[in-house]
Structures are given as structure tokens and as C-alpha cells.
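> Here's my sequence, what's the structure:
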Amino acid sequence: MSPFCLKVLSRLLTDALAGSNDLAPGSEPELAIVEIQDGGTSRVPSHATTTPLEESFRAFVAASVDDAAKYHVGGASYFALLDEQSSAEEEKTVLLVSRCPDGTIEGTARVTFESAQFLLTSLAVASIGFTEIQSIGASQGGVYGRSKEAPKKGEPGPRKRLGG
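Predicted structure coming up:
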């Protein structure tokens, strides 16, 4: 795997854990990266993938979101997918996918690396709904976890809104 891909995967794992620790200090890694087995088939690990990733680490690359949902994520109802947009240095986002039991895609939402782990955990325990994530993301400029009003370093923060 290229050093660039390992860098993006490592950044996702590190930032996702940091985002969970911001909300719940002492959070453990929860994200597992689908790996390539001998013979080229995919394998969903039974444990979280942790950093540092070895140079020999082989992440599975699906042909499409549909391909990943149908054949490569086991029985997962929700998963995160790195795509071309994720690899942009300044982007730091991942595609969160809601999957039906038959493997079809129910919906997608772009989320920040920092919010990926806690959102997947929240979805698993049903403390947030997928449409809620999509709605919040739309109100934040299309990416959950990134406010479109985010101030630049050294600038004053956005005004607080009271009420609804």
C-alpha cells in the first residue's frame, strides 16, 4: 500500500479516536479497516484497527460504494468509506453509509474524521438517527462536524443563537 494511503488511514484512525475522546475521555479505538486476504478477497477484522499501521498493511479497496455495501462489510448496518474526497489534505472527511440488510444503500452523509467513530457508535446504540446526521450535515455546509461558520485561527467565534 502506498505511503500516502497509509497516511490517510492513520489520520482517520487517530482523528476519529481523538474526536471520541473529546466527548467521552478514555474511549477505545472502535474502527476496523477491511483488509485484503491472500487471494484478493476482503476480510472484516474482529477487532479495531490501531495505529501505527505497518507498511505491509493491506486495506481493501472497493470498486464503488455499492460494491462495498453488497460484498465487503459483512452484516454491518453502517460503515465509513474513504473516497477521493477523503484523500485531499485539507478535507479530512469520510463518507458514512447506511446499509439495508440486503446490501443496498439506504443513504450517505459526509462527516469529519473526528466525528466518524462516535457517530458509528451512536448509530449502533440508536442514540442518533441517520437522517438526523444528514440534516445536521446539510445545515453545516454539507459536512457533519464542520460548521460553515467556523472561525479561522485568531478570529472571533460565531455569535451564539438562543432558542430554536
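> can you map out the helices along the protein?
3-23, 65-71, 113-124, 130-139 (DSSP state H).
> I'd like to know which of those lies nearest to residue 57.
Proximity to residue 57 (C-beta to C-beta) singles out helix 3-23 among the helices of the chain, at 6.6 Å. Where you see a C-beta, it was placed from the backbone N, CA and C, and this is true even at glycine.
> buried sites along the closest one?
5-6, 8-10, 12-17, 19-20 (16 or more other C-beta atoms under 10 Å).
> Could you tell me how many residues sit around residue 119?
Neighbour count of residue 119, defined by other C-beta atoms under 10 Å: 27.
> I am assuming it contacts residue 111, so please confirm or correct that.
Yes: shown here, residue 119 and residue 111 form a contact pair, counting by C-beta atoms under 8 Å, at 5.9 Å.
> Show me the one of the helices of the chain that comes nearest residue 92.
Using C-beta to C-beta, the helices of the chain put helix 113-124 closest to residue 92, at 4.7 Å.
> Can you mark which positions in that closest one are buried?
For helix 113-124, by 16+ other C-beta under 10 Å, it's 113, 114, 115, 116, 117, 118, 119, 120, 121, 122, 123.
> quick check, nearest of the residues you listed to residue 100?
Closest to residue 100, out of all of those and judged by C-beta to C-beta, is residue 123, at 14.0 Å.
> and the closest one, what is it in contact with?
Neighbouring residues of residue 123 by C-beta atoms under 8 Å, 6 or more residues apart in numbering: 77, 78, 98, 129, 130, 133.
> Next one: the closest residue to the fourth one other than its chain neighbours from residue 60, what distance?
Leaving aside its chain neighbours, residue 129 sits nearest to residue 123 (8.0 Å; criterion: C-beta to C-beta, 6 or more residues apart in numbering). Residue 123 is 22 Å from residue 60, where distance means C-beta to C-beta, to the nearest Å.
> Now stretch 37-45 - C-alpha only, CSV.
C-alpha atoms of stretch 37-45 as CSV (Å, rounded to 0.1, in the frame of the first residue of the first chain):
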residue,chain,number,x,y,z
GLN,A,37,-6.6,-11.6,2.4
ASP,A,38,-4.4,-13.8,0.4
GLY,A,39,-6.2,-14.4,-2.9
GLY,A,40,-7.5,-10.8,-3.0
THR,A,41,-10.7,-11.3,-1.0
SER,A,42,-11.9,-8.9,1.7
ARG,A,43,-11.9,-9.7,5.4
VAL,A,44,-13.6,-7.7,8.1
PRO,A,45,-11.4,-7.9,11.2
